[in-house]
Structures are given as C-alpha cells and as structure tokens.
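Visitor: 3D model of this:
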Amino acid sequence: MNGKAPFRVIPERLLFCPKIRYTNFMKRIMSILSFLLGAVIVLGGLGGCRKNSRTVLNGEVAEKPGKIIIYFIPKNLGNPYFDALSSGFYNAIAQLGEDNFQYYYTGPDTAEATSQIPYVEEALRNKADAVFIAANSNDALNGIFDRARQQGTRIYIINQDIPGSESHRNAAILPVNFDTIGNSLMEQFGKLMDYEGKFAILSATDDAPDQNTWISLIRQELAADPQYSRMELVEVAYGDDQYEKSVAETEALLARHSDLKGLIAPTAVGLPAAAALIREKGLSEKIRITGLGLPSEMLEFVLDGTCERFQLWNPPYEGYLGVYLIWAEKRAGFVPVPGAVFTAGRLGEYTILPNGQILTLQTPMVYDLSNIREYAILF
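Guide: Here you go, the predicted model:
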C-alpha cells in the first residue's frame, strides 16, 4: 500500500506527474492528472484573494530540510471530485521536487462522521507534517485534531471549513467564497425553471459541513429574493456521496413528487447520478437539473441537453495551493496568521483571511456548451 507507482509521461504542454509515495491511490486515473495550470488559470477569480503588498519571508530554512510528509484525507475514496483535487497536490509536488515530499492519498470508503479518524491516526504514527482533510463533520474530529496539533502536525481543512470548530485547525482552504454559492446556484436554477415550480435538493451526507452551508444559503436566497416567490423547495435528500445511493434517492424523489420540476445537486457524485436517471426515464425536458459537478463527469449530459449548465470551481487548485502553503511554512518560516501573504506557484499570492481561511477562487465557474469540452479534459 505504501510503495511507489510509475506515472505515464504525457505531452510537454501538460505538467507531468512523477513517482510519488502514496496510499490507496485513485482508483481511476483520469486525465486530470495532467492538470493544465498554465493554459487555463482562471485569473478573474483569483484577484479577490490577493493583495498588492507582499509579505517578505526571512529567507532562512525554518526547519531542518527533510521530506515533507503530507496526508490528504478526502471524505471518501472512489470520489472523482477528490481524485481531481488530489491531482493538484501531485502537480505542485512535481514543480517543487518529488524528492522533497512523501504524499499519501488515503481515506475511508464511506463518508461518515468519524470514519476519517483512523486515517488521521495513521498520519500521526507516520509523523506527518500536514494533514489536509475534507472533514465529514464539524466537530466529531476535534479531539484527534487537537492531538495532532500537539504532536506538531498541522491540520488544514480543505474544500470547506468546520464552522464552530475553527480553533481546532490551523487553517482552511476553501475552493471558492461560499457566500457566493447560494446566490449563484439559485440565479442559474431560477432561469432554468422560469422562476416557478417545485424542486428538490440531492445532497451528500446530512452531516457534511460544506453541503449544509450551501443548502442553508440556497434557503436564504429562496426566502429573501422575491423573484423566487413561485419556486418551492419540497425536500432535501441525501445520497451520501455514493453513486448508486444517489440514483436511488433521486428515483425516490421522483416517486414522492410527481409534479417535481427541478433538482439541485450540489455534489460532484450526486449530479451525474441524478442526470443519468433523469435521462434514462426520459424526463430531461420535464425536470431541470443543475448543481456542482466535474466537467469530465457531466460532459455527456451537457452535450445531450439533460443538464444545460452547472457550476464548480477548479478542484486541482486547492491541492496545488495546499502544497505551497506547507512548503512556505517548512522551508521559509511562513506563519499563516491573518493578513500574512504567501505565493502559491503559478497561482500567485494568497492572503490568510481573519478567520484563518484561504479562498482559492472568489466565485464559481459556470460550465455549459460554450466551454464544457475544454474543461472536461482537465478534471
């Protein structure tokens, strides 16, 4: 499980991924491993994360040079979204030199509140320098996080934060400014539904902090904006970020609500699962669907009209940024306090916000027929 595996050589226009030590490496090697950072960096979304001022580091090695041990623990394995995010770790490591790192991509098979604890414990046994984790609970991991930090392992929440438990982590890397998600999803969805009709939400787990934040923002938009007054949220279902369960939950929603007109799935597993079922049942014209998904997973559904448009950010950027963050700490004495600035390779400068968060992008991207092919080859 902890051996090395070769990576294929890919065209020079793409970044290569070298041999890196790993655990439970992604079950499906996707084209995302090529992660084209140079050609399609979303410059517009990055501006709000940076400042014109530069934090000057002392230029000295903060700790004795040695391999930086990184663990990335996703919500669950076999999830293409986290495979995409992991590719960003690989490419940053490729740029900084594979001999400087040991990288482990490991985690549970199911996204349950405490299922990640054994993997954090494994990281501690291996004296990890940093654990990047997409936590399955806001507070169930606080104890192990505290123990890790006492031991000297940095805890970075990635792809989300843990509201109410921020004091138990070092920082949080968010894919986008979450405050924009509710408005952005509802704006696109309202247009698809002509601002009227019943709709449902297909989420991941009922304890997922990121999902619950987005659903809360959707509810707020629905209640506050009069243009949605003729739209009604009838139910929130949970597919636990498992494809088959997401299909089953979508089918159950359709059975319980025969007059359903739309579905939002803010999960990269749930969205293609729901789209596949809706297409199979011949309901693409009746039920409008959107959400958060991977271009590679949603390509066929956009091309055939099942899903006219959906949104996401750029998952590989999160892993890429994370590697440069721990590199700055270990190699240049960077301290991630509010207001401090570090450089994340080709992505440029990032500022630690007052709440200890780092925003990878400011707003999500919309994917449709105009750009889906371009991004589907990346992630």
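
Visitor: domain ranges for the chain?
Guide: 4-176+314-365, 178-312 (automatic domain parsing).

Visitor: now do the longest one, average pLDDT.
Guide: If I follow you right, that is domain 4-176+314-365. Mean pLDDT, computed over domain 4-176+314-365, is 80.

Visitor: list the buried residues in stretch 159-169.
Guide: 159-162, 165-166, 168-169 (16 or more other Cβ atoms under 10 Å). No exception for glycine: its C-beta is placed from N, CA and C like everyone else's.

Visitor: which residues are contacting stretch 235-243?
Guide: 75-76, 79, 110-111, 200-206, 208, 215, 245-250, 252-253, 256-257, 267, 269-270, 272-273 (Cβ atoms under 8 Å, 6 or more residues apart in numbering).

Visitor: in helices only, show me these.
Guide: 215, 245-250, 252-253, 256, 270, 272-273 (DSSP state H).

Visitor: redo those as a markdown table? Include pLDDT and distance to residue 302.
Guide: A markdown table is the format used below for the ones in helices among the contacts of stretch 235-243 (pLDDT from 0 to 100; distance: Cβ to Cβ, whole Å):
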| residue | pLDDT | distance to residue 302 |
| --- | --- | --- |
| 215 | 95 | 24 |
| 245 | 98 | 24 |
| 246 | 98 | 18 |
| 247 | 98 | 19 |
| 248 | 99 | 24 |
| 249 | 99 | 22 |
| 250 | 99 | 18 |
| 252 | 99 | 25 |
| 253 | 98 | 22 |
| 256 | 98 | 27 |
| 270 | 97 | 16 |
| 272 | 98 | 11 |
| 273 | 98 | 15 |
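
Visitor: buried among those? Make that a PyMOL selection.
Guide: To isolate in PyMOL the members of the ones in helices among the contacts of stretch 235-243 that are buried, counting by 16+ other Cβ under 10 Å, one can use:
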select buried, resi 215+245+246+247+249+250+253+270+272+273
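
Visitor: CSV for the buried residues of stretch 159-169, including distance to residue 116?
Guide: Below are those laid out as CSV (distance: Cβ to Cβ, whole Å):
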residue, distance to residue 116
159, 13
160, 13
161, 16
162, 12
165, 14
166, 18
168, 14
169, 13
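
Visitor: ok, which pair from those residues is furthest apart?
Guide: 159 and 168 (16.9 Å; Cβ to Cβ).

Visitor: picking that back up, tell me the one of the ones in helices among the contacts of stretch 235-243 nearest residue 371?
Guide: Looking across those and measuring by Cβ to Cβ, the closest to residue 371 is residue 272, at 17.7 Å.

Visitor: look up the closest residue to that closest one, ignoring the ones flanking it.
Guide: residue 297 (4.5 Å; Cβ to Cβ, 6 or more residues apart in numbering).

Visitor: can you classify that neighbour by secondary structure?
Guide: helix (DSSP: H, G, I helix; E, B strand; the rest coil).

Visitor: ok, it - how many residues close by?
Guide: Residues contacting residue 297 under the criterion other Cβ atoms under 10 Å number 21.

Visitor: now do the contacts for the residue positioned nearest the centre of the chain.
Guide: Nearest to the mean C-alpha position of the chain, by Cα atoms, centre = their mean, lies residue 159 at 4.2 Å. Residue 159 is in contact with 85, 134, 173-175, 210, 315, 318, counting by Cβ under 8 Å, 6+ apart.
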